[in-house]
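1. Dropping a prediction and its sequence here:
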Amino acid sequence: MIEIQPKELKALDENVRQELCDIFDRDPHKLTDRPGRTRGHNIEPAMQLLRPIVDDLLGVDNWQLDGAIFFETVTGYRVHVDTEKFGPHRVWQTIVFPLRQELTEQAQLEKNRLIIFDQVWKKDAAFFLKGSPDAPQEYNGVIKDYKDVINLREGYIDPYVEELCPHLTRENFEGLTVDKTFTWTPGIPITFPRNRLHASSAFHRFGITKKLGLSFFLAPNQSKRNTGSLSV
Ligand SMILES: [Fe+2]
């Protein structure tokens, strides 16, 4: 398993992008379980459309899907990892497919960004909330002591993150350094290793009122792994 460093992928065909939006919009089971955040899990038809992209990135028969989610949201997201809870041997790549955004006339598109930090987390899925009083009851655990965060730069505050992330408590990203940031552009997929800490900018404060995306959480193909034949 070779981790692929953060990068953008080739743009989706416009018809595919539109069809993915339709899959989410028509899903009768989508769930608004928090204010301003709706998720959908009608993944099978989305996978039919996107399988060639994943095959191209990770290799045919080399991967399996460990989780996936459509998310429509009006607020920036916390620092977190996408490691799920199946153990580090299952943690490979995330692919985020930005699908749609709604804008005001003053929108600063370049500030609608996904921030990928250099830091790595080898444990179960978590939010990184040092200095925050909140303890959200969600699937992800909550980490307030960063001693097990790999590559931490003690005491460092990145000024660009401070500018992009007024939705975060400053201490949340203390010690985190930026590897790459990507403009969150509908139709342009982004990939990065699932064990990298990442966050979204506070896009809603920069004139982007809503965004819809789809995330795939990918693992090495476990059946190949069990026969010892995984060679990516
Ligand atoms: Fe994520």
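-> Alright, I've got the coordinates. All of these numbers come straight from a predicted model, not from anything done at the bench.

2. Low-confidence bits of the protein, can you list those?
-> Of all residues in the chain, those with pLDDT under 70 make up the ranges 225-232.

3. quick one: the helices in it?
-> When secondary structure is read from DSSP state H, the chain shows helices at 14-26, 43-58, 159-164, 222-226.

4. Can you tell me which helices and strands the longest one packs against?
-> Just to be clear, that refers to helix 43-58. Secondary structure elements in contact with helix 43-58, counted by 3 or more CB pairs under 8 Å, 6 or more residues apart in numbering; DSSP states H and E, are helix 14-26, strand 63-73, strand 93-103, strand 208-220. To be clear about C-beta, it is placed using only N, CA and C from the backbone, and glycine gets the same treatment.

5. Using TSV, lay out those together with distance to Glu110.
-> What follows is these, written out as TSV (distance: least, CB to CB, whole Å):
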stretch	distance to Glu110
helix 14-26	20
strand 63-73	19
strand 93-103	13
strand 208-220	11
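
6. Select, out of the helices of the chain, the one closest to Arg100.
-> Using CB to CB as the measure, helix 14-26 is the one of these that comes nearest Arg100, at 5.4 Å.

7. now what about the closest one, what contacts it?
-> Helix 14-26 has contacts (CB atoms under 8 Å, 6 or more residues apart in numbering) with 12, 30, 40, 42, 45-46, 49-50, 70, 72, 97, 99-100, 186-187, 212, 214.

8. List buried residues within the residues you listed.
-> Buried by 16 or more other CB atoms under 10 Å: 12, 30, 40, 46, 49-50, 70, 72, 97, 99-100, 186-187, 212, 214, out of those.

9. Buried ones in stretch 163-180, by neighbour count?
-> Neighbour-count burial for stretch 163-180, counted by 16+ other CB under 10 Å, picks out 164-165, 167-169, 172-176, 179-180.

10. Among those residues, which are located in strands?
-> By the criterion of DSSP state E, membership of the buried residues of stretch 163-180 in strands covers 179-180.

11. how about the buried residues of stretch 163-180, which pair is most distant?
-> Farthest apart among the buried residues of stretch 163-180 by CB to CB are Thr169 and Lys180. That separation is 22.9 Å.

12. Closest one of the buried ones among the contacts of helix 14-26 to Gly59?
-> Leu50 (15.2 Å).
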